[in-house]
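Asker: Quick check, what structure comes out for this input:
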Amino acid sequence: MNATQKLLNTKMQTLPFYNFLSMLLSEQKISSKKVSQVVISSQEFKTLLRSDIVKKERALNGGWNYVLKKQAEFEKYFKTKFPTPLIKPESAASKYRSTALSVKEQKCERCGYSKYPEILVVHHTDRNRKNGVKENLELLCPNCHEEEHFLNSDGRFTNKLIKTPT
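Answerer: Numbering: from 1, shown residues only. As a prediction, the model looks like this:
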């Protein structure tokens, strides 16, 4: 079994990996700084690097780049792994969510929760939902997200009286 066949037989189908593949397909080269630790530590990513489709090369700044070497084989691999998109590209929410998931580790940035990464939510630190730049996005578990808005009396907690026990 060759490296391409091994790639097609692996089972990982996560959003960060999907985002990595999409970005690589569109840009042909990605800095290792843009790839989340979840992707880098995955078995499928390691298998992809062992193939001759994608290669890790030294960048001019001393870091690493992941470079697409065989476009046609990569496109076949990508379409086989993800026959339908995992996100709806027209949705603003899915754009900032996919941005956050592709550049951040899949765990709550406050408490470290990571048991079910699917339930993590994206919090806009400046409270502006239209500002989807990665520096403005924070992955939080639902509890930390609710607590953030509760303590700041914003979001669904705006103008609510907070009763403290006596």
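Asker: Going along the chain, name the helices of the protein.
Answerer: Applying DSSP state H to the chain gives helices spanning 3-9, 15-27, 37-40, 43-50, 71-81, 92-103, 142-151.
Asker: does the residue nearest to Asn131 when sequence neighbours are not counted have beta-bridge partners, and which?
Answerer: Leaving aside its chain neighbours, Asn131 sits nearest to His124 (6.2 Å; criterion: Cβ to Cβ, 6 or more residues apart in numbering). Just so you know, the C-beta spots here come from the backbone N, C-alpha and C atoms, and that holds for glycine as well. His124 has the following beta-bridge partners by DSSP bridges: Leu137.
Asker: Run through the residues that contact His124.
Answerer: Tyr96, Asn131, Asn136, Leu137, Glu138 (Cβ atoms under 8 Å, 6 or more residues apart in numbering).
Asker: Could you check the pLDDT of it?
Answerer: Note for His124: predicted pLDDT of 93.
Asker: Same check on the one 10 residues further on?
Answerer: Listed pLDDT for Lys134 reads 87.
Asker: All set, thanks.
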